[in-house]
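K.L.:
Attaching a predicted model along with its sequence, questions to come.
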Amino acid sequence: MVKTIRLAPDDVKHFVDVACKCNFDIDISYNRYIVDAKSFLGVCGLDFNSLLRVSYEGYNAELEEMLKTLAVAC
C-alpha cells in the first residue's frame, strides 16, 4: 500500500514508535530519497514541508489509524 501524508516534527517520535511495532518493512519517500520508517534519525532528516509517501506491505490497526490522521487528500 502507498499513502501520502504530511508529517510534522512533533509527530516523528510517535510515528517511529508505531512503525517499530509492525513486523513488516515501512518506507517513507519524497523526491528520490527513501528512508526506513523505523529509523528515528532517518525520519528526522526528512523535509517536513514536502508531502511524504509511505509504502508498506502488511496490516497493523494502529499504523492504519495513525496514517489516517496524517493523510493528505490528493
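P.N.:
Yes, it's here.

K.L.:
Which strand or helix spans V43?
P.N.:
helix 40-44 (DSSP states H and E).

K.L.:
Contact partners for C20?
P.N.:
Applying C-beta atoms under 8 Å, 6 or more residues apart in numbering, one finds that C20 lies in contact with K38. No exception for glycine: its C-beta is placed from N, CA and C like everyone else's.

K.L.:
do the same with I26
P.N.:
I26 makes contact with A19, D36, A37, K38, V54, S55, Y56, L63, according to C-beta under 8 Å, 6+ apart.

K.L.:
got it, and V43?
P.N.:
Going by C-beta under 8 Å, 6+ apart, V43 touches L7, V12, F15, V16, I28, V35, A37.

K.L.:
tell me the contacts of the second one?
P.N.:
This means V12. Counting by C-beta under 8 Å, 6+ apart, V12 touches F40, V43, C44.

K.L.:
what's the answer for S29, then?
P.N.:
V35, L52, R53, S55.

K.L.:
6 Å instead, please
P.N.:
Residues in contact with S29, defined by C-beta atoms under 6 Å, 6 or more residues apart in numbering, are R53.

K.L.:
Just the mean pLDDT for the helix or strand where D17 lies, thanks.
P.N.:
Here D17, judged by DSSP H and E, is contained in helix 12-20. Averaged across helix 12-20, pLDDT comes to 97.

K.L.:
ok, back up a step: next one: the helix holding V43 to chain centre, how far?
P.N.:
Relative to its chain's centre, helix 40-44 lies at 10 Å (C-alpha atoms, centre = their mean, to the nearest Å).

K.L.:
Give me the mean pLDDT for that helix.
P.N.:
Per-residue pLDDT over helix 40-44 has a mean of 96.
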